[in-house]
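Chemist: Dropping the sequence and predicted coords here.
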Amino acid sequence: MTGTADREGIPLSDPTVPIDPEQAARALGRTLAAKHTAVPTTDGRVDLAVFASVVRAAAEADDDAIFDSGPYLDRSRHEMARLAVDTVAALPESEVAEVAITPGFDLGMVELQRDGSVLVLGDTVAGDRHLDLARAAVALALRFGPAVVAPFLDAYGLDDIDVRRLDTCQLLGSVAEEVGVAEPVVAP
């Protein structure tokens, strides 16, 4: 990866730069849609069931705490970790192939280019597209407000989104972030 001085973009996470939230959300949606059409050419992958079990183990090894913000406000971390594991286990088999995703996705990895496009930085591994989408939707909502999530998903392509998988990945990602666990990358 090159240094930021070599690139022309600015991090989407930079609050000091005036950014059109909807334009940035739509650009990110289009970029992820293009990224997700490529066949992953990596040695690692993120498995939802493994991720869920790691999150649950981390949550239960720690004192139970209550979410103090976000969509799970006033809910127990232990309760939400168990729910994440149960929900992942209940997901039907997916007909959608694994794609190239960015583990630990956040807006600091996204650079807005001068032409209005975005560049997603970071290593990629194979995984469920909904992990990237969930992390991106949460990050966009936290940065710009929840109104930008719909344009983001619209630009991605709603036909390629399973709402149940997206909600499950959002829950899993939120609990993982709360307990300080990153997506485990395993050999394919």
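Modeler: Thanks, I have the structure now. Residues are numbered from 1 along each chain as shown.
Chemist: Can you read off the pLDDT for the spatially most central residue of the chain?
Modeler: Centroid-nearest residue in the chain, with Cα atoms, centre = their mean: residue 135, separated by 2.1 Å. Here the pLDDT value assigned to residue 135 is 92.
Chemist: name the element it belongs to?
Modeler: Taking DSSP states H and E as the criterion, the element that holds residue 135 is helix 129-144.
Chemist: before we move on, what about residue 111?
Modeler: Taking DSSP H and E as the criterion, the element that holds residue 111 is strand 110-112.
Chemist: Packing partners of the very next helix or strand once past that strand?
Modeler: Counting by DSSP H and E, the element after strand 110-112 in chain order, helix or strand, is strand 118-120. Counting contacts by 3 or more Cβ pairs under 8 Å, 6 or more residues apart in numbering; DSSP states H and E, the secondary-structure elements packed against strand 118-120 are helix 21-37, strand 110-112. Yep, even glycine has a C-beta here, placed from its N, CA and C like the rest.
Chemist: Just give the strands next to the last one in its sheet, each with its orientation.
Modeler: So the one you mean is strand 110-112. Based on DSSP bridges, the strands next to strand 110-112 in the sheet, each with its direction, are strand 10-11 (antiparallel), strand 118-120 (antiparallel).
Chemist: so can I have JSON lines of these showing distance to residue 101?
Modeler: Formatted as JSON lines, the entries for the strands paired with strand 110-112 read as follows, by distance: least, Cβ to Cβ, whole Å:
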{"stretch": "strand 10-11", "distance to residue 101": "19"}
{"stretch": "strand 118-120", "distance to residue 101": "10"}
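Chemist: Relative to residue 51, which of those strands is closest?
Modeler: Among the strands paired with strand 110-112, strand 118-120 comes nearest to residue 51, with 19.9 Å by Cβ to Cβ.
Chemist: Any buried residues in that closest one, and which?
Modeler: Residues 118, 120 are the ones in strand 118-120 that count as buried (16 or more other Cβ atoms under 10 Å).
Chemist: Give me the contacts around the helix or strand following it.
Modeler: Proceeding N to C from strand 118-120, the next assigned helix or strand is strand 125-127, under DSSP H and E. By Cβ atoms under 8 Å, 6 or more residues apart in numbering, the list of residues contacting strand 125-127 from outside reads 40, 42, 44-47, 98-101, 103, 183, 185, 188.
Chemist: returning to that earlier point: the residue nearest to the centre of the chain: what's its closest spatial neighbour, skipping adjacent residues?
Modeler: Using Cβ to Cβ, 6 or more residues apart in numbering and skipping residues adjacent in sequence, the residue nearest residue 135 is residue 105, 4.0 Å away.
Chemist: So the one you found lies in a strand, does it not?
Modeler: No: under DSSP: H, G, I helix; E, B strand; the rest coil, residue 105 falls outside any strand and is assigned coil.
Chemist: That one reaches residue 122, doesn't it?
Modeler: Yes: if you go by Cβ atoms under 8 Å, residue 105 and residue 122 touch, sitting 7.4 Å apart.
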